[in-house]
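Q: this one's structure only:
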Ligand SMILES: Nc1ncnc2c1ncn2[C@@H]1O[C@H](COP(=O)(O)OP(=O)(O)OP(=O)(O)O)[C@@H](O)[C@H]1O
């Protein structure tokens, strides 16, 4: 479904991604584990097309999307749930979802009801402003908004950051349900080992803008093995 080959990206003259390569099967959940500043968000932005790449290629469904802008990739079926969630704080939950719908290929309002059926907690909050939600509720909203574009591949950037454990469990359950019901593929960038273990079929490690290895999710319980892959101890 997705083939990333030798991808390079930079901020100005500072190289950040220095040759990232991996592939993803349809419906697969792939974890990417790495410490702060190793290039995880940069990789997500490069895959979404919101950051131009300087070398390498991204192929989605056998189509070279390397030069396509983010909105064009979105219409092909790639969705990003960004780090920090980036919901619209002054808009209500329903208005946030409509914003997701507005960037979809076909604006079918029934999609919102469909998406909401997976997010019972949001149904009770439809008239509340996004900024008045808890961090966990905002994360659910960011995910639901992304799903309104009907993506086949979701890029999920550090969804557990600053979120209560009880709602992290709810996010895990929602993501597992989506996987089984809709066969959506996902690339999940995280530092939370429990979260990544619960969801990923494979886990790649990233250090200094390069994929450095692959860990079996079951081995993530072994903190020494993890440290040897990511360069330091993870929480
Ligand atoms: N807009 C930017 N301009 C310049 N440098 C940047 C910019 N955004 C990120 N960087 C730098 O790029 C490197 C990789 O950052 P990135 O956000 O991709 O890391 P990350 O692995 O997602 O980290 P974190 O877990 O802290 O979010 C860091 O050294 C960071 O300081």
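A: In hand now; what should we look at? Just so we're clear, the structure is a prediction, and the values are computed from it rather than from any experiment.
Q: C-alpha only now, for contacts and for neighbours.
A: Noted.
Q: ok, the residue nearest the centre of the chain - contacts?
A: Computing the C-alpha centroid of the chain and ranking residues by CA atoms, centre = their mean puts residue 156 first, at 1.2 Å. By CA atoms under 8 Å, 6 or more residues apart in numbering, the contact set of residue 156 is 80-83, 186-189.
Q: need the three-state assignment for it.
A: At residue 156 the chain is in strand, as set by DSSP: H, G, I helix; E, B strand; the rest coil.
Q: any idea how far residue 177 is from it?
A: Going from residue 156 to residue 177 by CA to CA, to the nearest Å gives 16 Å.
Q: got it, and residue 99?
A: 24 Å.
Q: with residue 124 instead?
A: Here residue 124 is placed at a distance of 20 Å from residue 177 (CA to CA).
Q: also residue 1?
A: As judged by CA to CA, residue 1 and residue 177 stand 20 Å apart.
Q: of these two, which one has the most company?
A: Neighbour count, other CA atoms under 10 Å: between residue 1 and residue 177, residue 1 has more, with 16 against 13.
Q: how deep is residue 143 tucked in, by neighbour count?
A: For residue 143, the neighbour count with other CA under 10 Å is 28.
Q: one more: residue 36?
A: Neighbour count for residue 36, taken as other CA under 10 Å: 12.
Q: that one looks like it's in a strand, true?
A: No - assigned with three-state DSSP, residue 36 falls outside any strand and is coil.
Q: roughly how far does it sit from residue 122?
A: Taken as CA to CA, the span from residue 36 to residue 122 is 31 Å.
Q: quickly list what the residue nearest to the centre of the chain is bridged to.
A: residue 81, residue 188 (DSSP bridges).
Q: next: residue 55.
A: Beta-bridge pairing for residue 55 (DSSP bridges): residue 8.
Q: surely it and residue 10 touch.
A: No - applying CA atoms under 8 Å, one finds residue 55 not in contact with residue 10, separated by 9.9 Å.
Q: so the two - more neighbours on which side?
A: Using other CA under 10 Å, the more surrounded residue of residue 55 and residue 10 is residue 10, with 18 against 15.
Q: burial measure for residue 130, as a count.
A: Residue 130 has 25 nearby residues by other CA under 10 Å.
Q: now the contacts of residue 156 in CSV, with pLDDT?
A: As requested, these are exported to CSV (pLDDT from 0 to 100):
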residue, pLDDT
80, 95
81, 95
82, 91
83, 88
186, 95
187, 97
188, 95
189, 93
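Q: what subset of these is also close to the ligand?
A: When these are checked against the ligand using CA under 6 Å from any ligand atom, none falls in range.
Q: farthest-apart pair in these, please.
A: Farthest-apart pair in the contacts of residue 156 is 83 and 186; separation 14.8 Å (CA to CA).
Q: ok, these two, which is more surrounded?
A: Set residue 83 next to residue 186 and count neighbours by other CA under 10 Å: residue 186 wins out with 27 against 17.
Q: you'd agree that one is up against residue 147?
A: No - taking contacts as CA under 8 Å, residue 186 lies outside contact range of residue 147: 11.8 Å.
Q: and the strands in this protein?
A: If DSSP state E is used as the criterion, the strands of the chain fall at 2-11, 14-24, 29-33, 53-60, 63-64, 78-81, 153-157, 185-190, 202-207, 210-215.
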